[in-house]
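**Q** my questions are about this predicted structure, shown below with the sequence.
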Amino acid sequence: MEEKVLMKGNEALARAAIEAGCRFFFGYPITPQTEVAAYMAKQMPKIGGTFLQAESEVAAINMVYGAAGAGARVLTSSSSPGVSLKSEGISYIAGSDLPCVICNIVRGGPGLGGIQPAQSDYFQATKGGGHGDYHMIVLAPCSVQEMVNLVKEAFDLADYYRMPVMIMGDGMLGQMMEPVSFGSYKSSKELAEKTWATTGTKLERKRNIINSLYITPEELEKLVVERYKKYDTIIESEARSEEYMCEDADIIIAAYGTIARVSKTAIKRARDKGLKVGLIRPITLWPFDKKPFEKYSEKVKSFLTVEMSMGQMIEDVKLAVSGKAPVEFYGRTGGMIPTPEEILEKLENMMGGER
Amino acid sequence: MEEKVLMKGNEALARAAIEAGCRFFFGYPITPQTEVAAYMAKQMPKIGGTFLQAESEVAAINMVYGAAGAGARVLTSSSSPGVSLKSEGISYIAGSDLPCVICNIVRGGPGLGGIQPAQSDYFQATKGGGHGDYHMIVLAPCSVQEMVNLVKEAFDLADYYRMPVMIMGDGMLGQMMEPVSFGSYKSSKELAEKTWATTGTKLERKRNIINSLYITPEELEKLVVERYKKYDTIIESEARSEEYMCEDADIIIAAYGTIARVSKTAIKRARDKGLKVGLIRPITLWPFDKKPFEKYSEKVKSFLTVEMSMGQMIEDVKLAVSGKAPVEFYGRTGGMIPTPEEILEKLENMMGGER
Amino acid sequence: MSKAYFNEEVCKGCGLCETVCPKKIVAINKEKLNKKGFNPAGVTDIDKCIGCAFCAMICPDCAIEVKE
Amino acid sequence: MSKAYFNEEVCKGCGLCETVCPKKIVAINKEKLNKKGFNPAGVTDIDKCIGCAFCAMICPDCAIEVKE
Amino acid sequence: MATHEIILAGFGGQGILFAGKLLAYCGMVSDKELSWLPSYGPEMRGGTCNCHVILSDEPVSSPLITKPTILFAMNQPSLEKFEGKVAPGGFIIYDSSLIASGVTRTDVTGVALPATQLAHEMNESKLANMILMGSLIKHTGIIDIETVKKALTKVVPAKKPELYDVNLNCILKGMEN
Amino acid sequence: MATHEIILAGFGGQGILFAGKLLAYCGMVSDKELSWLPSYGPEMRGGTCNCHVILSDEPVSSPLITKPTILFAMNQPSLEKFEGKVAPGGFIIYDSSLIASGVTRTDVTGVALPATQLAHEMNESKLANMILMGSLIKHTGIIDIETVKKALTKVVPAKKPELYDVNLNCILKGMEN
Amino acid sequence: MATFKRPHSLTDITLHYCPGCNHGIVHRLVAETIDELGIEGTTVGVAPVGCAVFAYNYFECDMQEAAHGRAPAVATGIKRVNPDNVVFTYQGDGDLAAIGTAETVHAAARGENITVIFINNAIYGMTGGQMAPTTLPGQVTQTSPYGRDVQTQGYPLKICEMLSTLDGVALAERCAVNNIKNITETKKAIKKAFQNQIDKKGFSIIEVLSTCPTNWGLSPVEALKWLEENMIPYYPLGVYKDKDGDK
Amino acid sequence: MATFKRPHSLTDITLHYCPGCNHGIVHRLVAETIDELGIEGTTVGVAPVGCAVFAYNYFECDMQEAAHGRAPAVATGIKRVNPDNVVFTYQGDGDLAAIGTAETVHAAARGENITVIFINNAIYGMTGGQMAPTTLPGQVTQTSPYGRDVQTQGYPLKICEMLSTLDGVALAERCAVNNIKNITETKKAIKKAFQNQIDKKGFSIIEVLSTCPTNWGLSPVEALKWLEENMIPYYPLGVYKDKDGDK
Ligand SMILES: Cc1ncc(C[n+]2csc(CCOP(=O)(O)OP(=O)(O)O)c2C)c(N)n1
Ligand SMILES: Cc1ncc(C[n+]2csc(CCOP(=O)(O)OP(=O)(O)O)c2C)c(N)n1
Ligand code: SF4
Ligand code: SF4
Ligand code: SF4
Ligand code: SF4
Ligand code: SF4
Ligand code: SF4
Ligand SMILES: [Mg+2]
Ligand SMILES: [Mg+2]
């Protein structure tokens, strides 16, 4: 394994993208992810890549559309309000079956909100902030190292399934530094050539068209249904989560991203106190990995969803648990981060006098 | 009751808004709701109101923000891709506690999609297309008459709770004509004066500030939590649905908007064939009315969600049913409209040889 | 000598060609309806055609060819 | 006669006032730190002040008043 | 009155939506339940166009007609598209000036009328729709002429009252055929 | 090495993040598990600023420190904000040139050093942070000076190697106190 | 005497435009240009949202369909990936001058090396005739039913005039296709706008004043006359900026 | 000899701007104008997203905080509801000239009767120093670390020059606050821009060249010098458009 370097999540994200062969970045500055663009601005010119600061998030996502359609590996990055502005473009990208990677380093909302870490864009990312029937794959790393690994994989997933992939982080993950090793990049999927890309016909093939308009509803429906078959494959084969101390758990916490780490601290302290607590950490937010929840739903006393929001992922947890166990919630929002102590207290309350 | 007039859904929508005292409309043209703006362009100048065609949906929603903040009853209207562009602005409006009414006359997506009726923006409307923790009240009329009634109420709800209210229709509802009576408008709520509006202090009061930025996460969280208490009240008191032939039903269809009407036709035909089928028609999509589902979930053999989408409301149905009965799905998408025959066939399949 | 040939099925009967023909020999045929439901344009006196291609240049639907 | 009065706690020590004083009597006090951690500006020789208010006009923080 | 589910279809510009509106207003003036649902699309001439009109004594549930009881067809593609959907025992009227083929089904009543030609003859080339409508009324009897007259006053633009007579004449002409 | 959870805090511009990075690199060069988490905000001078550094033998779970074992405080608001959070038995070092009050708790070790004044005296007014760091190292012994030297080569910008000596001198100065 | 046939770069799919709509003429001129410059194999076009949305069906080259107003951003993405491709957008006045204003101005300011064909028909054609930013004062549209009132609805946007203030613009020219002379000029202008791109000169925009007989409520021939009498005087034809100085 | 005190329309909340930041000067000029015109009770301000985001804390009148770039649209909404109010926006160059380009151009084209105060500091201050549309060629920023390369990153946008081509604009003037003379000029310009609104003349914009010492990496005094030597030559001060003809 290569030597480790100490790097901010945002910079590691950018470097991982470059290592995965991304040579095009279009973005618009926004806290807390400005380091992504700063890194790209510095590195891309050195390697013949393109960094372009767009006039807005709307322009950026449409540049991504163009570049993706032209066959490139392309990245854009933003944070909550900026991602809202991209929703039309994301829907177009999904509707045109184009691969790209979009990062949301989430901050507190709604509105201008704040700039501290949050997870209140879960619904937007997983249910579709944009219009129409579509999905993106959403990956939620919990450490800088996992950020690197998932960013690389994101490009492969995007190309393999021809669809947008979102990396969902938060201000904490973007800003923190951790030791990280980059290893070397090898595609995690066997990837076909992008014969559909608009690279110019060179008079050697039929023209390619990138489009999402189908004026005949029959035709549009057919395409959407096809796309949902692809989604089914993805649900089947790409849903992913980490289990931690679940085997004997009375309570299983569901938490993703950095707050899952905080939860682990809480779990350690709970175990010190004799409470049997475990963790399911969804790594793919869409597709949501229902299996571990199904597996444990008849074993545990209850689930506890911990989020940096007023409760969004909890709906997916409930859908997975399907009434077989109670699902409780603990969350902070607006940039507040639940502490291990708070989580522990909630766990103790849930266990009541029972211990 | 006043004499009935024959009117398109879109025009009735516009007229109802005017009757409810709306004097400001900002919008950008898009099929299938152009008649809303056309009606406003014609009528507003006659009554001293303002119709302004904005340069984009983004501008339109931000004009709405300004006008709402200045204390006006204000409307904007669009269709799917245009509503995606409004998501940032909607999040700001929610985050600044401003009242306004937003219409989405939904068309097929994703991307440019098509222009035929669809319901594939359910997630966007109910889970938050924009970023951050927030909600809008979402009303889904199923007839031109109900459109009129709900539009009027929408303004009252918006003002009463100081929040955005969305009217969710579809191309069919917007384009069809039905006889409709307008009655006279009387506010359905007791409304306080808008002392918070930026009308100029006249040197008579402290200055008012419309804002959603709270740089201290504690402060932001506090406001969001307050707002969620308001949401709880709304969930308690405003969730609404229609029940149709549910009492003895073996299968209950869940469907909203125009497709609920199609479902009624299917139900009549099913009953003719001896199948006991009923309908729960959510009128408020957010808050989603869980009660009737809870009530019947242990009585029925199963639920069938019918949507003009690949399945979005079904998640709320499942959350309400909470595993107590199977929830099946029948949907068409991309502008296709399920026919009574198709629904009937699905119902027959669900009943199997059982009859 | 080049002459103008009108494709009546492609024509939408807009009449723009009529306005530019220097020889005034282009006219809409009000008697005829093509499959799309339009009255197509045509040349009334092909001998007079000088093959200037003006009609073709203004035709929005490429309904006119000018050739030997 | 009007004179310039500097509010040291409001001052951020930017030094812009120093550049515009026609009498060259404004200076940053390097010895002092205000509560915000800045070296505040002040008048070195108030008698020379002609009350022109140039310092106040350029002060981004309204730290200067000019009055009798 | 039973429930009538009527599909009117033709080229854009043939007055299909107008004809549908006339029917809808017939429902209005006789206090029926009704709905009128047009096809809609990008503003392009020469496209096809249709509308669904339901007239009934009961509240209309689905405004979308999947099994019309009456088809009113003004061009070939429309007849082709909708003929098969007409309910058994239903009624089809079509403009035989523009439709070469005819009704092939035997379980429905088919009536052909050279409406466009008649309109030309009347020098009202844009009102083939009303001529066909007259004929529809006569053959089906779903509404009486007095109702039509009342409805006509509602669909004719207030600014152009002269159109009332022109339209009515065409309807009457159609009723002769 | 146990787990050290260190909060460094002060005004923006005092080199808080830099001091934290130095600690983080100490962890790097001695193969520890670690995390470094800064506060961040709009680009405004005079704001407060802090960072959380964890050094441990075990993987770091939460990078967010709620009960620091060590507090490194360079201004009054920081001491006030974080003193109460320090774990019992913990350690607090602060710049007494800028902090008038002192540590009030009795269950923690408090060390005061007039770091800013010492820095002024050394004519390195921007390096009070390193002086305080030297003192921290001496009093806690969480890292040895050789590790610090190695780490310092990594945090000093490659383009400005002369800074290495300047910083090291300040650290050594701090270790004398 | 001349010969004339459908350019190769125009597919043989029937254009969906209304009778007499000028979109068709401009399509042909663009296709002829692609033929004549021999760039069919390297050209990538970007279709707008507007009546020309189906342009992706008509040009015999790779095409992308952009979101409403975003064609210049999409073209930027394409061009940056393959700088040797010839990338053009084809946009209406709602698309380019209303919702897409920012993308237009910034692609121009960047001197993005692309070609923009801009159809100014003073109306939103596709959606049924609403007011465009370019609608003339007093002009009646669906959303200016009493005629555009400049006091409340603002003044028409003159795109060539505005963009010619930007340093990144190589060529900004306004044309029309209302008669043979102007068609010839338009063809020349379009060809120059493409040639500029090949010569890496930066952003070139050709504005073509066009008719929308359907939404203007005029016959195609009347519409051309209205264009001559109303649009051309308000939007003078000519070169607004040419970095070369020559024309 | 003069007297000078904090204008009443500036609240006594401490400004959060960095030492020497020109935002503070312009805030004061706006507040003085409001005082002098006696419009405190009828004025509604719109704050941008940028360093001036907290402007809603500083002006002693009703305020709205707009989404990034959308202040002119928000102001339009406010003004249309209460046309007798005096509505102004206060925006940075990222806000007004990048993401908000469309809203700026169209409010101007509409001749929306509002006043726009535009702080051009050639950088994104709030987010830590990225390139703005107005960043000078060659200028080093976080996102142009090798200096702005006009070939790939485009040319600076000259807002006054561009907007002065629009019929709806009543006044477009560029000022600076780098010395007493220019501060005096700026004050006059701002006052005229507000007076124009009271006189219902339409859209007035005052562009103020400003420093960002923090992100330029210069001391406040050096920053003023850099502004004089680099920005003013590139962005000449003066009146670009004045519908009245007089100044
Ligand atoms: C985001 C979004 N807003 C609005 C629309 C609806 N829309 C389609 S085309 C169009 C305007 C077209 O006008 P123009 O660009 O002038 O082109 P024309 O049809 O006149 O050629 C609009 C507003 C859309 N598809 N997407
Ligand atoms: C939609 C959106 N995009 C981006 C941002 C992040 N952002 C905040 S301020 C700013 C730029 C500010 O620059 P400018 O307008 O020049 O103002 P300055 O700070 O220089 O005064 C940006 C990009 C945001 N808040 N919202
Ligand atoms: S080629 Fe010339 S002369 Fe011949 S028909 Fe056409 S326009 Fe007339
Ligand atoms: S210009 Fe073309 S489409 Fe128009 S009438 Fe002549 S041939 Fe037909
Ligand atoms: S008022 Fe004039 S003379 Fe007095 S200190 Fe200020 S600038 Fe100098
Ligand atoms: S200009 Fe104002 S803030 Fe700056 S140093 Fe002078 S008094 Fe202090
Ligand atoms: S609506 Fe207008 S612009 Fe569109 S195709 Fe028809 S004539 Fe052309
Ligand atoms: S960052 Fe720049 S613009 Fe912002 S307050 Fe500081 S100096 Fe002013
Ligand atoms: Mg147009
Ligand atoms: Mg700026």
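**A** On my side now, so go ahead. Ligands and ions are numbered 1, 2, ... in the order given.

**Q** which strands or helices does the longest helix belonging to chain G pack on?
**A** In chain G, with assignment by DSSP state H, the single longest helix is helix G:180-198. Packing partners of helix G:180-198 (3 or more CB pairs under 8 Å, 6 or more residues apart in numbering or on different chains; DSSP states H and E): helix C:54-58, helix G:23-37, strand G:86-92, strand G:115-120, strand G:169-176, strand G:203-209. Any C-beta I mention is one placed from the backbone N, CA and C, and that applies to glycine too.

**Q** just the angle for the fifth one relative to strand G:115-120, thanks.
**A** Angle of strand G:169-176 versus strand G:115-120, following axes from the mean of the first three to the mean of the last three CA atoms, to 10 degrees, is 30 degrees.

**Q** with the last one instead?
**A** Here strand G:203-209 runs at an angle of 20 degrees relative to strand G:115-120 (the same axes, to 10 degrees).

**Q** counting by contacts, list what strand G:203-209 packs against.
**A** Packing partners of strand G:203-209 (3+ CB pairs under 8 Å, 6+ apart): helix G:101-109, strand G:115-120, helix G:159-163, strand G:169-176, helix G:180-198.

**Q** make a markdown table out of the ones you listed and add distance to residue B:348, mean neighbour count and mean pLDDT.
**A** Shown next, in a markdown table, are those (distance: least, CB to CB, whole Å; neighbours: other CB atoms under 10 Å in any protein chain shown; pLDDT from 0 to 100):
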| stretch | distance to residue B:348 | mean neighbour count | mean pLDDT |
| --- | --- | --- | --- |
| helix G:101-109 | 52 | 29 | 98 |
| strand G:115-120 | 53 | 28 | 98 |
| helix G:159-163 | 60 | 24 | 98 |
| strand G:169-176 | 62 | 25 | 98 |
| helix G:180-198 | 61 | 20 | 98 |
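
**Q** nearest to ligand 3, out of the ones you listed?
**A** With CB to the nearest ligand atom, the closest approach to ligand 3 among the helices and strands packed on strand G:203-209 belongs to helix G:180-198: 9.0 Å.

**Q** the closest one near ligand 3 anywhere?
**A** No: under the criterion of CB under 6 Å from any ligand atom, ligand 3 is not reached by helix G:180-198; the shortest gap measures 9.0 Å.

**Q** can you list the residues that contact the longest helix of chain G?
**A** The contact list for helix G:180-198 (CB atoms under 8 Å, 6 or more residues apart in numbering or on different chains) reads C:20, C:54, C:57-58, G:25-26, G:29-30, G:32-34, G:36-37, G:39, G:86-88, G:113-117, G:170-171, G:173, G:175-177, G:202, G:204-206, G:208, G:237, G:247.

**Q** change it to 6 Å
**A** Applying CB atoms under 6 Å, 6 or more residues apart in numbering or on different chains, the contact partners of helix G:180-198 are C:20, C:54, C:57, G:29, G:33, G:37, G:86, G:113, G:115, G:170-171, G:173, G:175-177, G:204, G:206, G:208.

**Q** again, but for stretch E:133-149
**A** Applying CB under 6 Å, 6+ apart, the set of residues contacting stretch E:133-149 is E:4, E:19, E:26, E:29-30, E:72, E:91, E:93, E:111, E:113, E:171, E:174-175, E:177.

**Q** which of those residues lies closest to ligand 1?
**A** The nearest member of the contacts of stretch E:133-149 to ligand 1, counting by CB to the nearest ligand atom, is residue E:19 at 28.0 Å.

**Q** since we're on the closest one, how many residues are nearby?
**A** Residue E:19 has 25 neighbours, counted by other CB atoms under 10 Å in any protein chain shown.

**Q** so what's it closest to, chain neighbours aside?
**A** Excluding its sequence neighbours, the residue lying closest to residue E:19 (CB to CB, 6 or more residues apart in numbering or on different chains) is residue E:129, at 4.5 Å.

**Q** what strand or helix carries that neighbour?
**A** Here residue E:129, judged by DSSP states H and E, is contained in helix E:128-140.

**Q** is the longest helix of chain G in proximity to ligand 4?
**A** No: applying CB under 6 Å from any ligand atom, one finds helix G:180-198 out of contact with ligand 4, separated by at least 12.1 Å.

**Q** residue E:89 and residue E:66, how far apart?
**A** Noted for residue E:89: a distance of 16 Å to residue E:66, by CB to CB, to the nearest Å.

**Q** which one of the two has more residues nearby?
**A** residue E:66 (17 against 9).

**Q** wait, what's in contact with residue G:160?
**A** G:172, G:174, G:207, G:240.

**Q** identify the residue spatially nearest to it, adjacent ones excluded.
**A** Leaving aside its sequence neighbours, residue G:160 sits nearest to residue G:240 (CB to CB, 6+ apart; 4.1 Å).

**Q** next: residue C:46.
**A** Of all residues not flanking residue C:46 in the chain, residue C:3 sits nearest, at 5.8 Å (CB to CB, 6+ apart).

**Q** my guess is the one you found meets residue C:47, correct?
**A** No: if you go by CB atoms under 6 Å, residue C:3 and residue C:47 don't touch, sitting 8.9 Å apart.

**Q** just want to know which of those two has more residues nearby.
**A** More neighbours surround residue C:3 than the other of residue C:3 and residue C:47, with 17 against 9 (other CB under 10 Å).

**Q** and the more buried one, its phi and psi?
**A** phi -140, psi 160 (degrees, to the nearest 10).

**Q** what of residue A:348?
**A** Backbone torsions of residue A:348, given as degrees, to the nearest 10, read phi -60, psi -40.

**Q** now it: how far from residue E:36?
**A** Plainly put, residue A:348 is 64 Å away from residue E:36 if you go by CB to CB.

**Q** higher neighbour count, the two?
**A** Neighbour count, other CB under 10 Å: between residue A:348 and residue E:36, residue E:36 has more, with 28 against 14.
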